[in-house]
Structures are given as C-alpha cells and as structure tokens.
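>>> How does the following fold in three dimensions:
(one chain, ligands or ions: 3)
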Amino acid sequence: MSVFDNIYRHRMARIAAFAPPVALAQPAVNVERIVDLARHAHERHAAVALFPELCITGYSLDDLHHQNPILDAAEAATRDLIEHSKAWRPLLLVGTAVRVHSQLYNCALVIHRGRLLGIVPKSYLPNYREYYEQRWFAEAPGALVESVRYAGQETEFGARLLFEAEDLPELRVHVEICEDLWAPNPPSLDGALAGATLMTNLSASNVTIGKARERAQLCQVQSFRCLGAYAFAAAGVGESTTDLAWDGQLTVHELGQSLAQSDRFNPDGTELFTDIDLERIEQDRIRFATYRDTAARAAERLRDFRRVRFALDLPLDTPIPTERAIDRFPFVPNDAARLDEDCFEAYNIQVQGLAQRLRSTGIKTAVIGVSGGLDSTQALIVTARAFDRLGLDRANILAVSLPGFATSDKTAGNATALIEGLGVTHKSIDIRPAAERMLEDLDHPYSEGKAQYDRTFENVQAGLRTDYLFRLANHHDGLVVGTGDLSELALGWCTYGVGDQMAHYNVNAAVAKTLIQHLIAWVARREEFGAPVSKTLNAILETEISPELIPSAADEPLQSTESTIGPYSLQDFNLHHAMRFGLGPAKIAFLAERAWSDRTRGDWPSHIAIDKQGEYTLEEIVRWLEVFCRRFFQTSQFKRSAMPNGPKVTSAGALSPRGDWRMPSDSSARVWMDELAALRRELGLPASSSGST
Ligand SMILES: Nc1ncnc2c1ncn2[C@@H]1O[C@H](COP(=O)(O)OP(=O)(O)OC[C@H]2O[C@@H]([n+]3cccc(C(=O)O)c3)[C@H](O)[C@@H]2O)[C@@H](O)[C@H]1O
Ligand SMILES: Nc1ncnc2c1ncn2[C@@H]1O[C@H](COP(=O)(O)OP(=O)(O)OP(=O)(O)O)[C@@H](O)[C@H]1O
Ligand SMILES: NC(=O)CC[C@H](N)C(=O)O
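Ligands and ions are numbered 1, 2, ... in the order given. This is a model prediction of the structure:
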C-alpha cells in the first residue's frame, strides 16, 4: 500500500459519530467516555468527531439543568476534555449547557487541539408535545454577545459560525442542534450557502415508531438541498426513560445519498465512521448554478457568518484507505428493487422519446440494423414497444440484417430469432459485395487478397450498413433508429458520419453499456414480449461484445471490443466520475481501486452471477483510465458534437452537445495524461505502453 491510498490526498475527510452511554447528571463520567471515543476517532484518522446534544450533562435532566453544581461540574469536565484534546487531530463537537450573561444555552462546544474554537447555541428550542426546552434554555437569536469565556478560554459564541480547516480548505463545518433541523428553514441552510460543506447535528431525539426513518429523510434532504454532507448523532442509552426512549441513531449523508447508518438501541452505545468526499461537493456546487444564485441573493445576510480557522495537520504520509463503500456500477444500483425501478424508467424514457418523435413527424415506419448484439437488441425492443404504444403495426418496423466479413452465425441467429419473435419485418442485405467493390475502388490491399484489417476495412462495413439503412428509410418513408450507447459515445467507439454514429433518432445515446445489459435482462425477466423472446434476449446477453468487423479464423477468439477499449465496467465507472463530478484520474483510480480490486469486497448488483464478478489490479485500472482519458478528452468529441437527437436517461448526465456536455472538438488530454504519468511513477508502474488505442 502506498500513500496514494490516503483519503486526505484525495480531498476526502473521515467523519466519526458517537452515541456513548450517558450517565445522567455526571459530567465527569460522561467526559471520561468522550475522551476515550475522541482518542479512538483520532487513532482512526478522523477529521471530525460528533457527539450528541447535551451529552456532557445528559439531555433528559429537565429542571436539573438549572442546578449550578451540574453546570459547574460540566464546565470543569470540559476543561479536562479540552486539555486531553491537545493530543488529537479531530475537531470535536460536544453538547453541553452553557451559562452566558444570565441565560442558559443548549450548546455545541467546538474543540480542537486544546482550543475551544467556539460555542454554538441551539436556534430552535422545541416546546410542544413532549418537549419543554424553553423552560430551561434561551434561544440563539436572543444572544447579545459574540464571545464568551468558558472553561478557562475566551471563545466565539453564536449560531452563525463556520469552522474551516486551513490544510483541507474544502472542509468547512457548520453546527446545529437537533430541533434546528426540524425547522422549515434550518440554520444549516444558511451555513451551507455561506460555504459549509459539512453540516453537523448534535441531537437528543427521542425514538418513537418511524422516527428513525423520518430523521434519516430530513438528513438526506438537507444534504441534498444544501449540496453537502450532513452528519447526525442522536443520544442513546442512559438518557432518562421516565417518559421517553432513545435509540442512538447515527447517520451521514452526502448529496442526498446515505453513506452510513449506525445500529440502534445498542446497550453499549454506537459509533459510525465514514468518509465524505469534499471534492464531489465542491464540484456539484460549481455546476449547480441555482445554488450559487441563491447564495448570491442571500449575500447581505450571509456576511455576518464568522469563520474560525484550525489546522488538522493531515496524516498525509500514512496509508488511509477509504472506509466508504464505492459502487462498482454507477449506472446500475446494487439494490434489486432500485434496479427494477431504474430499468422501468430508462425503458419508458426511451420508448416515450421515440414514440413522441414518430408522433410529431407522422412517420410510421422504423428502420433499424439488427446485429444480434446488445445495443441493436435494446433499440429494437424499445422500437417495438413504441409502436405498440402508438397503435402502429409492428410489421412497419424494418429490422435489417446486414452481414459483413465477420458476422458470426451466433449473432446472426440470435438476431433472426429476435426479429421473428417480435413479429417485425425482416430484411437481409449482404453488404460484402458492396464492401468488396468499395475496397477495390479505394485500392485497399484487402482487394488484392491481403489480410489488412485496418480502420478503413472496418469503417467501409459500418459505413455501408448506415448507407443502406438511410436509403431504405427514404425508400419506405421511415426513420432510422440509432443504436450507439453512452459508453461508445464517451470513447468515440463508432464510425463517424456515414457510420453508426448517425441516425434519425437514437434511443440509446444516453444509456451506458453496463445499464443496457440490465435493461435487456429486465425486459426478459418481465417477459414483456413473451417467453420465447425472453429466451433469445438471454442468449444475446451471453454473447461476447464485439463489433464483428474483423474476421477471425475458426480457432481464434472473436474480435473483442473490451480487449481494445477496456472493460465497459471500468470505462463506465471512469465516465461517471469524470463527467458527473469532474474528478481527475488519480482520484478516479483511487476510487476504482476501492470498488474493483477485490471481488469479495462490498455489494454487487443482485443480478450479476458470481462467476461474472470480476476484479482489476491497480495497473489495469490505470491502463484503461489512460485509454479513457485520451479518447474522452481528446479524440472523440467531434463525434459527440454532431450526434443525433435522443432522450437523456440518467441524472448522471448525457453527452449531447445541446445539453449536458459541451467541450471543444479540438481539445487536448495533456493534463489528464500528465497526471496519469505521475501516478504511474508514484505507484512504481512501468511507463504507459498503450499507444493510441
Ligand atoms: N477532432 C476532429 N474533428 C474532425 N474530424 C476529425 C477529428 N478527429 C479525427 N477526425 C477525422 O475522423 C476520422 C476518424 O473517425 P472515424 O472515421 O469514425 O474512424 P475511427 O474513429 O478511427 O474508427 C472507428 C472505430 O470505431 C469502431 N467501431 C465502429 C463501428 C461500430 C463499433 C461498435 O462496436 O459499435 C465500433 C471501429 O472498430 C473503429 O475502431 C479521422 O480519420 C479524421 O479524418
Ligand atoms: N450484421 C449486422 N446486421 C445489421 N446491423 C448491424 C450488423 N452489424 C452491425 N450492425 C449495426 O451497426 C450497429 C453497430 O454495430 P456493432 O455491432 O459494431 O456495435 P455494437 O455496439 O456491438 O452494437 P450491437 O450491440 O447492436 O451489435 C449495430 O447496433 C447495428 O445497428
Ligand atoms: N432535542 C430536540 O430538539 C428534539 C426535537 C426533535 N424535533 C425530535 O423530534 O426529536
């Protein structure tokens, strides 16, 4: 393991959250436990350690909060905690009651390396149903001072504070307390607009049926709405059960996604560690202009935020692999129910897109080249359903077999079975005579019997197929349905212009190859077109992905797409992280290594059989990233720039130049390749030899 494997080098930060058993009215005992846990967080390289609301005194003390001996003991114990904290890295967020100018506040102490950086009072005090906080505490907005002396230190006081790590500038922490999140306009919203990337909540939220789900929903929405991370720690065992119960729920969400959830009702207390990705948060905020505009409109109000700086002294020379689960397939959810839902939506988006185009143009015939491969299969079953929806006869779908020099019996057989099973019209045109004629006209060595299977040899076939399809469309007043998918567009893996890059309407343009496989499987599982078609679809899924442009001898393997441009599983991973979050190759390699280096680690989408679960070495990951970066950032944009219409399918983005993705067609991949070359050196890998693939 090298120091490359270090979350802080990749602008991630480890968050620890704890719900220790509380000893009611015994601050010294509580601080002893907090000290142990803070040390534990330090040893596990956390940047932030979060504890529940009023955890030094106990939340459920009720009127005992007005007892000076308790408040004195809490302050004395805090001095101890601050003293101990000199030895630790994490920013500590700990709840206690603090007297300020003849008032008592329910507060979060923000402690770092022997300094009390600030005290954040609660803004909204619940005073309804089971809550009586206004009986004991004052609200933050009523405070008249901005600094206080507490536990021997002069410190900032107020709800509008941000804590910023000097040596991890993307880490800016906002603090709020329990009910604050239940307010229609939680203080963390302003905190986020003022720049906080991590919102934290110290909570003592009693549990009732369904409450855990509600809290998680609030946290999830807040992380989504604020475009940030939201960490939540609720009090657990030890709080008074006079009238209430406590579960110690801990959660961390990021950009609307749950990163980690603790167990609950644990008699020994609970803990949670996970890593938030600050780079993703910063990127999302840069991209989402409405966030920027909202902050701009609130600028006047936000200027009163005070910023307190601290230095984490990051452990950059220690390997710290991420503890976060990284999905192998960004376009394919692991959860079977979610995958079904995604497939339902993707399929219907495709069907609706084509149906609308047929409706608005009045075109009643579709022409589609059907190879027996994945993409044209998906396009054909989408087209068939679109015709059904429009009440058009499927016989008006012209499914064309266009065998060339390398078309295999297997794919051709599957194509025929699919076409017949769907009841669409089958036409077959052997493109070889025309291809031979064209190669001869071009003086290509193939026409003299030489086995020169180069780009021209390949594109002559792809071009003729497209030529035939467009002219057939003219002949039958039809529309050519495109088949090329998002992954191919990303890599420029199509023949430009007079080739499969062009169509009248492309239903697959925004669907990644890794999702297309599942879409076909989903249609097969649901028997959308009956059992015999499902059988054919399953046979197609078993076939190796190949362009079938170069002939191979009987004993040779088929021309394999993935051995040339890389496994789609890795290339779709690379595409998602580069396109959606603008991550650089070193970061993508770091995440890919976590996701892909060990087939036994973490979850897989439920429909991927064990024997299909692969893994990649870091060297393979880097090698295919090089291919991705060169193709995506340098050589392929001109193909995307001129791509046909087709519907956007995933929120991760599409590559339409009219929508999500605009870049020059004459750009350079230099900075990406330089970063990869530096990464190779750092990892001790030999210099790249992948040429110009
Ligand atoms: N930035 C730019 N702006 C304008 N034009 C640019 C350009 N860069 C290259 N070009 C021109 O474009 C040409 C290259 O583009 P192009 O003619 O498409 O050719 P090219 O990209 O070299 O070849 C197509 C590749 O896609 C593969 N393919 C084709 C068809 C189907 C599938 C499949 O599996 O689905 C795969 C095929 O095996 C081959 O490797 C260059 O020769 C150059 O003339
Ligand atoms: N033998 C063929 N008969 C009919 N159409 C073909 C044939 N080969 C290729 N095509 C058309 O060209 C498109 C691109 O072909 P190719 O097989 O190279 O790519 P692919 O991405 O593997 O697509 P598919 O999975 O549909 O085969 C296909 O989707 C199909 O529309
Ligand atoms: N401590 C609190 O602020 C508790 C109130 C919170 N709304 C809850 O439902 O648990």
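>>> Excluding residues flanking it in the chain, which one is nearest the residue most central in space within the chain?
Closest residue to the average C-alpha location of the chain: Pro330 at 6.3 Å, with Cα atoms, centre = their mean. Sequence neighbours aside, His576 is the residue nearest to Pro330 in space, at 3.6 Å (criterion: Cβ to Cβ, 6 or more residues apart in numbering). C-betas here are computed from N, CA, C, even on glycine.
>>> Compute the number of surrounding residues for the one you found.
Counted with other Cβ atoms under 10 Å, the neighbours of His576 add up to 23.
>>> just the one 4 residues further on next, same as before
By other Cβ under 10 Å, the residues close to Arg580 number 18.
>>> Same question for the one 5 residues further on.
Here the number of neighbours of Pro585 (other Cβ under 10 Å) works out to 28.
>>> Where does the stretch 51-200 of the chain get nearest to ligand 1, residue-wise?
The minimum distance from the stretch 51-200 of the chain to ligand 1, using Cβ to the nearest ligand atom, falls at Glu170 (34.5 Å).
>>> Assign that residue to helix, strand or coil.
Remark: Glu170 carries the secondary structure label coil [criterion: DSSP: H, G, I helix; E, B strand; the rest coil].
>>> same question, Arg14
Under three-state DSSP, Arg14 comes out as strand.
>>> so what's it up against?
Shown in contact with Arg14 (Cβ atoms under 8 Å, 6 or more residues apart in numbering): Ile7, Arg44, His45, Ala46, Ala47, Val48, Phe273, Thr274, Asp275, Ile320, Glu323.
>>> Count the neighbours of the third one for me.
Right, His45. Per other Cβ under 10 Å, the neighbour tally for His45 reads 21.
>>> Are any of the contacts of Arg14 buried, and if so which?
Ile7, His45, Ala46, Ala47, Val48, Phe273, Thr274, Asp275, Ile320, Glu323 (16 or more other Cβ atoms under 10 Å).
>>> For the first one, give me the pLDDT.
Ile7 is assigned a pLDDT of 98 by the prediction.
>>> The third one too?
Residue-level confidence at Ala46 comes out at 98, pLDDT.
>>> Three-state assignment for Ser487, please.
In terms of secondary structure, Ser487 is helix; the call rests on three-state DSSP.
>>> That one reaches Leu575, doesn't it?
Yes - the pair Ser487 / Leu575 is scored as a contact, 6.6 Å apart, by Cβ atoms under 8 Å.
>>> shared neighbours of these two, anything?
What both Ser487 and Leu575 touch, as defined by Cβ under 8 Å, 6+ apart, is the set Ala512.
>>> among the contacts of Arg14, which are in reach of ligand 3?
By Cβ under 6 Å from any ligand atom, no member of the contacts of Arg14 lies near ligand 3.
>>> I'd like those residues laid out as CSV, including distance to Trp88 and secondary structure.
Putting those into CSV (distance: Cβ to Cβ, whole Å; DSSP: H, G, I helix; E, B strand; the rest coil) gives the following:
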residue, distance to Trp88, secondary structure
Ile7, 18, helix
Arg44, 11, coil
His45, 11, coil
Ala46, 9, coil
Ala47, 11, coil
Val48, 11, strand
Phe273, 15, strand
Thr274, 19, strand
Asp275, 18, strand
Ile320, 16, strand
Glu323, 18, coil
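>>> any chance of those in a markdown table, plus distance to Tyr347?
Converted to a markdown table, the contacts of Arg14 look like this (distance: Cβ to Cβ, whole Å):
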| residue | distance to Tyr347 |
| --- | --- |
| Ile7 | 38 |
| Arg44 | 44 |
| His45 | 44 |
| Ala46 | 43 |
| Ala47 | 43 |
| Val48 | 42 |
| Phe273 | 39 |
| Thr274 | 34 |
| Asp275 | 35 |
| Ile320 | 42 |
| Glu323 | 36 |
